[in-house]
Every structure is written in structure tokens, then in C-alpha cells.
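Q: please find the sequence and the predicted model below.
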Amino acid sequence: MKRVITYGTFDLLHYGHINLLRRARALGDYLVVALSTDEFNWNEKHKKCYFTYEQRKNMLEAIRYVDRVIPEENWAQKRTDVHDYDIDVFVMGDDWAGKFDFLKEEGVEVVYLPRTPEISSTQIKQDLHK
């Protein structure tokens, strides 16, 4: 079984997120999503989420491409996650290109997928503020 992992906040879930999850799942047989906790988003990313961690987790678990959701609590956990969950492929959006290449040293394939260009959570928030 080929296991894939991706990370994110997945707040204001939209079709760009679904595209990423679909393409990530297509790279393997089992998709783990590491979902940023509320504390991690606030303390480290300086982001306030509209939906709580539990609400975002419930939405992700309802998506057919997602097999398991785990908490992302810090930046450094990626190296241990790939071992703890027997990950073969690490996937992120291409806005992170090169940032996680160090995981190749752990024997993991690192893939950066193109973002869906016309949609982003940031853009949705900006549009709603207008």
C-alpha cells in the first residue's frame, strides 16, 4: 500500500482544497491529512480560523479522498510523521516548492502540486470583506 500525506489548515474549504486532496490521493492508496490545530494556526502561523479544528476535521473526514486526519501541532513534526504513518509520498501545493525537500533524506518522495489558480482562502476572505 502506497501512503500519502499532506498538510494544511483547510479553513473555508473550497474546490481548490478538493482538487489538492483528489490529486494527492491519486498518488497512492491511502491519504493522511495533517490538519493544523487552532493553537498552531494562531501561535505559529498567526492565522485565525473561521471554523474550529474539530469542524474542519469533520469536513475533511467526510471527503472520500481522505482516509485519516491527524493534528498538525508544530512545524517540526513532518519528519516524525512520515515515519510514524509509514508515508511514501509527501504532497504540498507548489507555493511551498523546495521547502520540504529535506524529507527526501527520509526516503519519502516529495511532490509539489500546482495550486488551483483562481481560488484561495485568502481571496475568499478578501472578497467577503469588500
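A: Good, I have the coordinates. Numbering: from 1, shown residues only.
Q: just the buried positions in the lengthiest helix in the chain, please.
A: Counting residues, the longest helix found in the chain (DSSP state H) is helix 15-25. Buried residues in helix 15-25, counting neighbours by 16 or more other CB atoms under 10 Å, are found at 16-17, 20-21, 23-25. Bear in mind the C-beta positions are built from the backbone N, C-alpha and C, glycine included.
Q: in terms of secondary structure, what does it contact?
A: strand 3-8, strand 30-36, strand 89-93, strand 109-113 (3 or more CB pairs under 8 Å, 6 or more residues apart in numbering; DSSP states H and E).
Q: nearest to K45, out of the ones you listed?
A: For K45, the closest of the helices and strands packed on helix 15-25 is strand 30-36, at 6.8 Å, according to CB to CB.
Q: residues making contact with that closest one?
A: Residues outside strand 30-36 that contact it (CB atoms under 8 Å, 6 or more residues apart in numbering): 1-10, 21, 24-25, 45, 53, 56-57, 60, 65-72, 77-78, 81, 85, 87.
Q: after it, next one along is what?
A: helix 38-43 (DSSP states H and E).
Q: list the buried ones in that next one?
A: 38, 40-41.
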